[in-house]
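[1] Give me coordinates for this.
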Amino acid sequence: MFLTFQVGDAAAEFAKLEREGATFAYRLRAERWGQQRFALTDPAGTWVDVVEQTDPAPGFWEPYVVDETP
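    Numbers count the residues shown, from 1 in each chain. As a prediction, this is how the structure comes out:
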């Protein structure tokens with residue numbers, strides 16, 4: 001199981017948790033598909049994903065979009 005939390009500023013949340021001594025399973029990254037994210041695991045082993053929606057890299061989604069216009 002995993003939980004995903006969407007936040008307005010992933011970098012600020014990451015910095016806050018880092019100052020508080022959190023251990024990260026996945027350090028803060030800007031993902032090409034349009035997210036800035038990081039992750040931790042809680043004491044029970046649940047993956048906690050923290051994401052901020054951002055603009056994707058130019059052209060990233062083009063191979064996945066099919067134009068079915070007749």
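[2] any idea of the pLDDT on the residue most central in space within the chain?
    Closest to where the C-alpha atoms of the chain average out (Cα atoms, centre = their mean) is Arg37, at 2.5 Å. The score at Arg37 is 98. That number is its pLDDT.
[3] for Met1, same thing?
    Met1 is given a pLDDT of 87.
[4] ok, back up a step: mind listing what the nearest residue to the residue nearest to the centre of the chain once chain neighbours are set aside touches?
    Leaving aside its chain neighbours, Arg37 sits nearest to Val51 (4.3 Å; criterion: Cβ to Cβ, 6 or more residues apart in numbering). From N, CA and C alone the C-beta is placed, and that goes for glycine too. If a contact means Cβ atoms under 8 Å, 6 or more residues apart in numbering, then Val51 has Thr4, Phe5, Gln6, Val7, Ala10, Gln35, Gln36, Arg37 as its contacts.
[5] Contacts for the helix or strand harbouring the residue nearest to the centre of the chain, please.
    Element membership for Arg37, per DSSP states H and E: strand 35-41. Residues from elsewhere that reach strand 35-41, judged by Cβ under 8 Å, 6+ apart: 10-11, 13-14, 17, 22-31, 47-54.
[6] Can you say which of those residues are buried?
    Among the contacts of strand 35-41, those classed as buried by neighbour count (16 or more other Cβ atoms under 10 Å) are Ala10, Glu13, Phe14, Leu17, Leu28, Asp49, Val50, Val51, Glu52.
[7] Could you list which of those belong to helices?
    Judged by DSSP state H, helices contain the following of the buried ones among the contacts of strand 35-41: Ala10, Glu13, Phe14, Leu17.
[8] Go ahead and confirm the first one touches Glu52.
    Just to be clear, that refers to Ala10. Yes: with contact defined as Cβ atoms under 8 Å, Ala10 and Glu52 form a contacting pair (3.8 Å).
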